[in-house]
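Visitor: coordinates only, sequence not included:
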């Protein structure tokens, strides 16, 4: 799942010939819960079709919906879903994204793609990564308060000490045997004729290679906090050599191979939740201070105008709120409407896209943590 949402989001934010079709669906990982997923998906396809036929011909609608219908018949796909699904279609484009958290059902036909649920996943403050480390191999996981999944390591990231050091590995006669049946897996290494100081040298060089590669290929591109999971004796040496500013102070001192993924998620959330709460409180405090100085607002009309003028530095958007309407991205004018109109999307979604395009920060926040009840809170640059 490495960077797939980030990559798709960049593509979806580009200019596309309308109509743009966006479909979101909560899915399930296991039987029997997932039996209803393809049925509910087909119901959303009917909603897309009805919306399209309000403005486009039956032939045009059939062309656009063709890939959606093919997906509906893919039994293998529906047997291997995650917690949510996002599907996008337009002329010459069809994208399917499995999501790590549930999303509300939604089928929208508009002039642009509806991306706020993706923004919520990417911009939410509860996302983190976990580096699972022992002195021979690594794994990387990405998650949130609800889910944790293993990440495909990027090309250039060593998975084992042998990959990292290769011919420079000083430990001779290395053999590997795997034992255990935990969800994360575990391994036991046997070294013959190795000296303790040689082991320590290999260990330090391996840790340096891992730290450098994770920072370059995962931490820096994602910007996510990184939690170290390793036996207690590996935390100090790894932190001493680490140059990764995303590595947080708190860690999990346990053999990663002894934990299931769910147990790892529970321990990781215990570590990351205080930082999550702190970030939301800081954003709320910044908004209140800015508003007191005339540099913040929750008035939708005011925020839209400021966004068009590149004055919004940070935008907080309520996660589940939808306000149907049209946004003139040049003039910053709003027109309220019905979401069923084929030309209409969510104004909060459009505002988030506009702020991002102007170099601003967008954070999608649960309703309970929003500093306002208007669905939006903006901090202005000037």
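Guide: Structure received. Treat the numbers as computed from the prediction; the structure is a model and nothing was measured. Residues are numbered from 1 along each chain as shown.

Visitor: three-state assignment of residue 313?
Guide: At residue 313 the chain is in strand, as set by DSSP: H, G, I helix; E, B strand; the rest coil.

Visitor: residues in contact with the closest residue to it other than its chain neighbours?
Guide: Sequence neighbours aside, residue 381 is the residue nearest to residue 313 in space, at 4.3 Å (criterion: CB to CB, 6 or more residues apart in numbering). For the C-beta atoms, the positions are set from N, CA and C on the backbone; glycine is no exception. Taking CB atoms under 8 Å, 6 or more residues apart in numbering, we find residue 381 in contact with 310, 311, 312, 313.

Visitor: give me the number of residues near the second one?
Guide: Taking other CB atoms under 10 Å as the criterion, the count of residues near residue 311 is 19.

Visitor: pLDDT at it, what is it?
Guide: Note for residue 311: predicted pLDDT of 97.

Visitor: and the gap between the closest residue to it other than its chain neighbours and residue 9?
Guide: Nearest residue to residue 311 in three dimensions, chain neighbours excluded: residue 380, at 4.9 Å (CB to CB, 6+ apart). In this view, residue 380 and residue 9 are 25 Å apart by CB to CB, to the nearest Å.

Visitor: next one: residue 301
Guide: From residue 301 to residue 9 the distance is 27 Å (CB to CB).

Visitor: Between these two, which is the more surrounded one?
Guide: Between residue 301 and residue 9, counting by other CB under 10 Å, residue 9 is the more crowded of the two (19 against 11).

Visitor: Once you drop chain neighbours, what's closest to residue 48?
Guide: residue 107 (4.8 Å).

Visitor: before we move on, what about residue 251?
Guide: residue 228 (4.2 Å).

Visitor: Work out for me the element the one you found sits within.
Guide: Assigned by DSSP states H and E, residue 228 belongs to strand 226-230.

Visitor: hmm, back to that, burial count for the residue nearest to residue 48?
Guide: 24.

Visitor: Now do the buried residues in the strand or helix carrying residue 291.
Guide: Secondary-structure assignment from DSSP H and E places residue 291 in helix 261-292. Within helix 261-292, the residues that count as buried by 16 or more other CB atoms under 10 Å are 261, 263-265, 267-269, 271-272, 275-276, 280, 283-284, 286-287, 290-291.

Visitor: If you average the pLDDT over it, what comes out?
Guide: Mean predicted confidence for helix 261-292 is 93.

Visitor: One more: stretch 163-175?
Guide: Rounded mean pLDDT across stretch 163-175 is 67.

Visitor: pLDDT score assigned to residue 335?
Guide: So residue 335 comes in at 86 (pLDDT).

Visitor: Counting neighbours, which of the contacts of residue 381 comes out on top?
Guide: Going by other CB under 10 Å, residue 312 tops the contacts of residue 381 with 27 neighbours.

Visitor: who's in contact with it?
Guide: 303, 306, 355, 358, 360, 378, 379, 380, 381.

Visitor: What distance do you get for it to residue 346?
Guide: Residue 312 is 17 Å from residue 346, by CB to CB.

Visitor: Can you name the residues that contact residue 329?
Guide: Contacts for residue 329 were tallied using CB under 8 Å, 6+ apart; they are 308, 350, 354.

Visitor: Just confirm residue 109 is within a strand.
Guide: Yes - checked against three-state DSSP, residue 109 lies within a strand.

Visitor: now the helices for the stretch 1-150 of the chain?
Guide: Here the stretch 1-150 of the chain has its helices, by DSSP state H, counting those that start in this stretch, at 4-12, 37-53, 58-72, 75-78, 116-123.

Visitor: I'd like the average pLDDT over the longest one.
Guide: Taken as a whole, helix 37-53 carries a mean pLDDT of 96.

Visitor: what does the first one give?
Guide: Averaging pLDDT along helix 4-12 gives 74.

Visitor: now swap in the fourth one and tell me
Guide: Per-residue confidence for helix 75-78 averages out to 96 on the pLDDT scale.

Visitor: for stretch 362-375, same thing?
Guide: 90.

Visitor: okay, and for the stretch 51-200 of the chain, where does confidence drop off?
Guide: For the stretch 51-200 of the chain, applying pLDDT under 70 flags the ranges 125, 170-197.

Visitor: so what's residue 213 up against?
Guide: 154, 156, 157, 158.

Visitor: Spatially, which two of these are the most separated?
Guide: Farthest pair in those (CB to CB) is 154 and 158. Separation: 10.8 Å.

Visitor: Now secondary structure too, for the contacts of residue 329, in JSON lines please.
Guide: Formatted as JSON lines, these follow (three-state DSSP):
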{"residue": "308", "secondary structure": "helix"}
{"residue": "350", "secondary structure": "helix"}
{"residue": "354", "secondary structure": "helix"}
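
Visitor: where exactly do the strands run in the stretch 51-200 of the chain?
Guide: All strands of the stretch 51-200 of the chain, identified by DSSP state E, counting those that start in this stretch, fall at 84-90, 93-99, 106-110, 128-133, 138-143, 148-150, 174-179, 186-191.

Visitor: Which secondary structure elements does the first one sit against?
Guide: Packed against strand 84-90, as judged by 3 or more CB pairs under 8 Å, 6 or more residues apart in numbering; DSSP states H and E, are the following elements: strand 20-26, helix 58-72, strand 93-99, helix 116-123.
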